[in-house]
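Q: Quick check, what structure comes out for this input:
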Amino acid sequence: MKISNGVKRYLFLVVLIFFGVLVFAKVSLAAPVISSVVGTVSGGNLIIIHGSGFGPTGPNVILFDDFEGGTNGNQLATNLAPLGTWYDIGSPSDTSYSNINKVSGSLAARFDISSYGSNQHPMINTRSASPFDSFYISFWSMLPTGNIYPGDGYGGANWKVVWVTKDDSANDADICIGGNGWTWTHWFGNDSPVPSTGMGIGTFLGSDANEFYMEDGVWYRWSWWQKGRTDATGATKMIMTNSTGGTWTASSITNIQTLNSGDTNKRQQFNINGYVRETPNSYPTFDDVYIATGEYAQARVEIGNASIYTGSSILTPCLTPLGEAGTAWSTTSIQCTVRAGGLSNGTVYAYVTDADGLRSPGYAITFGSGGGDTTPPAAPINVTII
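A: Predicted coordinates:
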């Protein structure tokens, strides 16, 4: 059968468009790549990261606290964080800056949950100036060696490690990371659509497949992102770092509803150590709390102690707050402030994650010294969105 010239031109156009779409998709999903790091890489210093694919803008960081502003033994304060402020401290006499256990510097936040009269306190919380649907939060937490899991044997194990809400009133789109024992940690909400959308009101950490079993005396870094949507375009991801092991994706779910209809622009508050039951010999401890909100909340700069992200047993964020003097984020350049975290002087690795969760290969830099090494950056790796 003879094909007319018009049909040939049509088929050629279809093929051209098809391959153009493929090329565009490949480009649009390219992972960030770091080409150089300029500046002295040490705690509190400003550095500039050059490269490509970082995305048009960075996160709206509302708080970072490494608790180094306090004094050992003193009650926690609302106004001593390096970035942002705490809104409220429940039962402040049962909170303290402590050097007993810490990830970075010399202090962390320690809660004594043995002697207060109500279940919800002590806790600390911060509020966003504007309501949000999407957010990202990372922090280190632990229960010291020999501690009792909150509530275990005292009314039933129950520990809301972090609680995102408006003000804990009804129908305020609240969502929690919580636990009912050492090996059962999950997310749930009092009025978020968790059970019906497959987000997993059962375990998402602690199963054999994920190999996450919380141990006393071990620090865990929780890295939690949620894209708030009232339709099936929402997403949520949990990345865990074990201070004695490495980093892995504990759970990642896409194409789900994460907000009830009518619950947009309600979330405004983050409660750290949000709910615990009165328990003797139990001292939940937190360090390096980092919180960002909005559609670009997942974008971030981190420094790890391994050349592969999943090999890192230490990860610390660099601060890129929008609107802060001396900080900026563009597709090819990021200015950010280094936080020491638990890093030691020597070779470490910078990582850039964009708003879609795509991450650069690790770029070698010298912590405690000048910028990156002189070797060319690693080639982009194949990236699978999960």
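
Q: Skip the chain neighbours and tell me the closest residue to V161.
A: Of all residues not flanking V161 in the chain, I177 sits nearest, at 4.9 Å (CB to CB, 6 or more residues apart in numbering). (Glycine included, C-beta is placed from N, CA and C.)

Q: T249 versus that neighbour, what's the distance?
A: 15 Å (CB to CB, to the nearest Å).

Q: same thing with I365?
A: Separation of I365 from T249 (CB to CB): 24 Å.

Q: the more surrounded of these two?
A: Each of I365 and T249 has its neighbours counted (other CB atoms under 10 Å); I365 has more, 23 against 14.

Q: what is the mean pLDDT for the stretch of helix or strand that one belongs to?
A: Taking DSSP states H and E as the definition, one finds I365 inside strand 363-367. Mean pLDDT, strand 363-367: 96.

Q: Can you list the helices and strands that that strand packs against?
A: Strand 363-367 makes packing contacts with strand 33-38, strand 346-353 when contacts are defined by 3 or more CB pairs under 8 Å, 6 or more residues apart in numbering; DSSP states H and E.

Q: report the angle between the axes of it and strand 33-38?
A: 20 degrees (axes from the mean of the first three to the mean of the last three CA atoms, to 10 degrees).

Q: okay, and for the stretch 151-300 of the chain, where does confidence drop off?
A: Scanning the stretch 151-300 of the chain with the threshold set as pLDDT under 70 gives 168-170, 183, 191-213.

Q: Show me the helices in it, by range?
A: Assigned by DSSP state H, counting those that start in this stretch, the stretch 151-300 of the chain shows no helices.

Q: do you know how far the spatially closest residue to G294 that is not a sequence neighbour is from T320?
A: Once flanking residues are discounted, G294 sits nearest to N60: 4.5 Å by CB to CB, 6+ apart. Distance of N60 to T320, given as CB to CB: 10 Å.

Q: And for T331, the neighbour number?
A: So T331, with other CB under 10 Å, has 14 neighbours.

Q: That one contacts H50, correct?
A: No. Counting by CB atoms under 8 Å, T331 sits too far from H50 to count as a contact (10.9 Å).

Q: Return the set of buried residues in stretch 305-323.
A: 305-306, 309, 312-321 (16 or more other CB atoms under 10 Å).

Q: cool, and stretch 104-120?
A: Neighbour-count burial for stretch 104-120 flags 104-105, 107-113, 116, 120 (criterion: 16+ other CB under 10 Å).

Q: ok, now which ones touch the residue nearest to R339 when sequence neighbours are not counted?
A: Using CB to CB, 6+ apart and skipping the chain neighbours, the partner closest in space to R339 is T316 (5.2 Å). Residues in contact with T316 (CB atoms under 8 Å, 6 or more residues apart in numbering) are 104, 288, 302-304, 339-343.

Q: what about 6 Å?
A: When contacts are counted by CB atoms under 6 Å, 6 or more residues apart in numbering, T316 touches 303, 339, 341.

Q: now those residues: which count as buried?
A: Applying 16+ other CB under 10 Å to the contacts of T316 flags 303, 339, 341 as buried.

Q: Out of the helices and strands packed on strand 363-367, which one sits most buried?
A: Of all the helices and strands packed on strand 363-367, strand 346-353 has the most neighbours on average by mean count of other CB atoms under 10 Å, namely a mean of 22.

Q: Quick one: list the elements packing against it.
A: Where contact means 3 or more CB pairs under 6 Å, 6 or more residues apart in numbering; DSSP states H and E, strand 346-353 is packed against strand 300-304, strand 363-367.

Q: Can you give the contact residues for the first one?
A: Pointing back at strand 300-304 there. Contacts for strand 300-304 (CB under 6 Å, 6+ apart): 312, 315-318, 336, 348-353.

Q: Could you do stretch 82-97 as well?
A: Residues outside stretch 82-97 that contact it (CB under 6 Å, 6+ apart) are 62-64, 67, 70, 72-76, 78-79, 107, 110-112, 116, 121-127, 319.

Q: Tell me which of those residues fall in helices.
A: Assignment to helices by DSSP state H places none of those there.

Q: Now restrict the residues you listed to buried residues only.
A: For the contacts of stretch 82-97, buried by 16+ other CB under 10 Å: 62-64, 67, 70, 76, 107, 110-112, 116, 121-127, 319.

Q: Take these and keep only those in strands.
A: In this view, the buried ones among the contacts of stretch 82-97 that belong to strands under DSSP state E are 62-64, 110-111, 123-127.

Q: which among these gets closest to S282?
A: Nearest to S282, judged by CB to CB, of these is F111 at 8.6 Å.

Q: re the thing from before, would you mind putting the buried residues of stretch 305-323 into JSON lines with distance to N265 and pLDDT alongside?
A: Formatted as JSON lines, those follow (distance: CB to CB, whole Å; pLDDT from 0 to 100):
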{"residue": "N305", "distance to N265": "39", "pLDDT": "96"}
{"residue": "A306", "distance to N265": "39", "pLDDT": "96"}
{"residue": "Y309", "distance to N265": "33", "pLDDT": "96"}
{"residue": "S312", "distance to N265": "35", "pLDDT": "96"}
{"residue": "S313", "distance to N265": "38", "pLDDT": "95"}
{"residue": "I314", "distance to N265": "36", "pLDDT": "95"}
{"residue": "L315", "distance to N265": "31", "pLDDT": "95"}
{"residue": "T316", "distance to N265": "31", "pLDDT": "95"}
{"residue": "P317", "distance to N265": "26", "pLDDT": "96"}
{"residue": "C318", "distance to N265": "29", "pLDDT": "95"}
{"residue": "L319", "distance to N265": "26", "pLDDT": "91"}
{"residue": "T320", "distance to N265": "24", "pLDDT": "85"}
{"residue": "P321", "distance to N265": "21", "pLDDT": "70"}
